[in-house]
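Novice: okay, here's the prediction I keep looking at, along with the sequence it came from:
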Amino acid sequence: MGCCDVPGLMPVEDALTKILAEVKPLTKTHTVALADAIGLVLAEDICSPINVPPFANSAMDGYALRCADLEHTDTLTQVGKSFAGAPFDGRCDEGQCVRIMTGAEIPAGADTVVMQEETEADGDQIRFLARPKVQQNIRPIGDDVCQGDVVVAKGHRLTAREMPLLASLGIATVPVYQRPCVAFFSTGDELRPVGEPLEAGQIYDSNRYGIRALLEKFGCEVMDLGIIPDEPEKLRAAFQQATQADVLITSGGVSVGEADYTKTILDEQGEIGFWKIAMKPGKPFAFGTIGNTWFCGLPGNPVSAMLTLYQLVQPMLAKLAGHSQYQSPQRLKAKATTVFKKQPGRTDFQRGIYQIGADGQFEVATTGNQGSGAFSSMHLANCFVILERERGRVEPGETVTIELFNQTMY
């Protein structure tokens, strides 16, 4: 019997499918100022209240004119100027042209703009060196956005790419979903806060810093409950406090040690959907509920905690936030340039460094130590090397799947 066939050890793909099948998006919405909307998810389609541009304007510095006038002459009389914000107050009639700047409104009567580099000026007499086409260098009304168009769809998470678009439409406020609130804490008598001296057998609590950083990148509100010692009553109290949040994430205490109480208390206060997955690192991952709060129990080893948060909890939080256009990190094929050690049985997520080789193809090397406590390898990596459950050792030259880090890792 293979490791993946052990009862209770769920394949990674099945674990994610189960999580996403159970979690439903939050429904609470509110309206925020556009300047405060970055990273939030739209609760409604945003339709344009105006045309952009609202008037036909010039794409070049040059001269606005009637194209037909240049069929029998190459020289026209300049009768005025049109600037952005200060349009020509008149009409461009037969034999006339108007000096115009980029973005300025096209004068009435004109149907073409000739760029200044294709002209010669002698006072108000402007000679045109090339024959233009009708509507040349003119941006028509609604060239970018038409009134009533859906410009950003419901379920889209707002980024720096959408902010100027919405501002250009004069939209001052937007309806958004409430951010998921995520409570988290670390467990373990061996953990010490950073900045304090270590005593025998102690280590610094690094997981909360990685968890918080990723949660904030995911667009969540965070509730940091600190370090909870391996004492059942204190853990019970922390679990109860965390039920104020939409999600509780713990780090450590979901293994099989004598002092790992998290799973025991979850059995008492909540319900476990599954525990243990066929994933390396990250096997002791638990998912369930405590009342109306979703629970994700991450392993205690730092790489395992970061990996399970990234692979399993990130898409869950995206769905909870209403981010219906969330896309999983990009996966590609690459040639291994180093050995990747592996035993069949679990899907391995090893840390790798990819680059484009001399032949223009992706290639990837190991970061070295792949232990679940070796976080320096995560610092060096720019991708995960995903090795299938039944695959063994990978030799240089073999093809592997890599998953590029998305923006939450940067």
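Specialist: Thanks, I have it. Bear in mind that the values here come from a model prediction, so they are computed numbers and not experimental data.

Novice: just the strands in the stretch 1-150 of the chain please.
Specialist: Under the criterion DSSP state E, counting those that start in this stretch, the stretch 1-150 of the chain carries strands at the ranges 10-11, 29-33, 46-47, 57-58, 62-65, 75-82, 96-100, 112-115, 119-122, 125-128, 138-139, 150-152.

Novice: could you say which one of those comes nearest to T399?
Specialist: Taking CB to CB, strand 10-11 is the member of the strands of the stretch 1-150 of the chain nearest to T399, at 21.7 Å. To be clear about C-beta, it is placed using only N, CA and C from the backbone, and glycine gets the same treatment.

Novice: contact partners of the helix or strand of the chain with the lowest mean pLDDT?
Specialist: Ranking every helix and strand in the chain by mean pLDDT, DSSP states H and E puts helix 262-269 at the bottom, with a mean of 78. With contact meaning CB atoms under 8 Å, 6 or more residues apart in numbering, helix 262-269 is reached by 187, 232, 235-236, 239-240, 250, 252-254, 272, 275, 286, 288, 290-291, 295, 297.

Novice: so for the helix or strand where F239 lies, what gets flagged as buried?
Specialist: Using DSSP states H and E, F239 sits in helix 232-242. Within helix 232-242, the residues that qualify as buried are L235, A238, F239, A242, counting by 16 or more other CB atoms under 10 Å.

Novice: pairing partners for the very next helix or strand once past that helix, with directions?
Specialist: Going down the chain from helix 232-242, the next helix or strand is strand 247-251, by DSSP H and E. Note on strand 247-251: by DSSP bridges, its sheet partners are strand 181-187 (parallel), strand 293-298 (parallel).

Novice: quick one: the least confident helix or strand of the chain to strand 247-251, angle?
Specialist: Helix 262-269 runs at 150 degrees relative to strand 247-251, counting by axes from the mean of the first three to the mean of the last three CA atoms, to 10 degrees.

Novice: how far does helix 262-269 sit from the chain's center?
Specialist: Averaging C-alpha positions (CA atoms, centre = their mean, to the nearest Å) puts helix 262-269 33 Å from its chain's average.

Novice: helices or strands next to the helix holding F239 in the packing?
Specialist: Other helices and strands packing on helix 232-242, by 3 or more CB pairs under 8 Å, 6 or more residues apart in numbering; DSSP states H and E, are strand 181-187, strand 221-228, helix 262-269.

Novice: of all those, which one is nearest N51?
Specialist: Of all these, strand 221-228 comes closest under CB to CB, at 37.7 Å.

Novice: give me the angle between that closest one and strand 181-187.
Specialist: Using the same axes, to 10 degrees: strand 221-228 against strand 181-187 is 20 degrees.

Novice: residue most distant from the centroid, this structure?
Specialist: For the chain, the C-alpha farthest from the mean C-alpha position belongs to H72; by CA atoms, centre = their mean, that distance is 57.4 Å.

Novice: can you give me the pLDDT of that one?
Specialist: On the pLDDT scale, H72 is placed at 92.

Novice: same question, G8
Specialist: 56.

Novice: do the same with C296
Specialist: pLDDT, C296: 95.

Novice: residues contacting Q325?
Specialist: Applying CB under 8 Å, 6+ apart, the residues contacting Q325 are A153, G155, H156, R157.

Novice: now do the contacts for the first one.
Specialist: By CB under 8 Å, 6+ apart, the contact list for A153 reads L42, D45, I46, Q325.

Novice: now do D89
Specialist: So, once contact is read as CB under 8 Å, 6+ apart, D89 ends up touching G80.

Novice: contact partners for the nearest residue to A86 once chain neighbours are set aside?
Specialist: Computed as CB to CB, 6 or more residues apart in numbering, the closest residue to A86 that is not its neighbour in sequence is A104, at 7.8 Å. Contacts for A104 (CB under 8 Å, 6+ apart) come out as N57, S58, S82, F83, A84, A86, P87, F88.

Novice: can I get these in JSON lines with neighbour count and pLDDT?
Specialist: Putting these into JSON lines (neighbours: other CB atoms under 10 Å; pLDDT from 0 to 100) gives the following:
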{"residue": "N57", "neighbour count": "23", "pLDDT": "98"}
{"residue": "S58", "neighbour count": "25", "pLDDT": "98"}
{"residue": "S82", "neighbour count": "25", "pLDDT": "98"}
{"residue": "F83", "neighbour count": "14", "pLDDT": "97"}
{"residue": "A84", "neighbour count": "13", "pLDDT": "95"}
{"residue": "A86", "neighbour count": "11", "pLDDT": "97"}
{"residue": "P87", "neighbour count": "19", "pLDDT": "97"}
{"residue": "F88", "neighbour count": "21", "pLDDT": "98"}
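
Novice: so which of the residues you listed comes closest to R391?
Specialist: Taking CB to CB as the measure, R391 sits nearest to N57 out of these, at 59.0 Å.

Novice: filter the contacts of helix 262-269 down to the buried ones.
Specialist: Buried among the contacts of helix 262-269 (16+ other CB under 10 Å): 187, 235, 239, 250, 252-254, 275, 286, 288, 290, 295, 297.

Novice: quick check: G123 vs K154, distance?
Specialist: Here the criterion is CB to CB, to the nearest Å. By it, G123 lies 58 Å from K154.

Novice: who has more neighbours, the two?
Specialist: Per other CB atoms under 10 Å, whichever of G123 and K154 has more neighbours is K154, with 16 against 7.

Novice: what's the burial count for the nearest residue to Q241 once chain neighbours are set aside?
Specialist: With CB to CB, 6+ apart as the measure, L225 is the residue that lies nearest to Q241, at 6.4 Å, once sequence neighbours are left out. Neighbourhood size, L225 [other CB under 10 Å]: 18.
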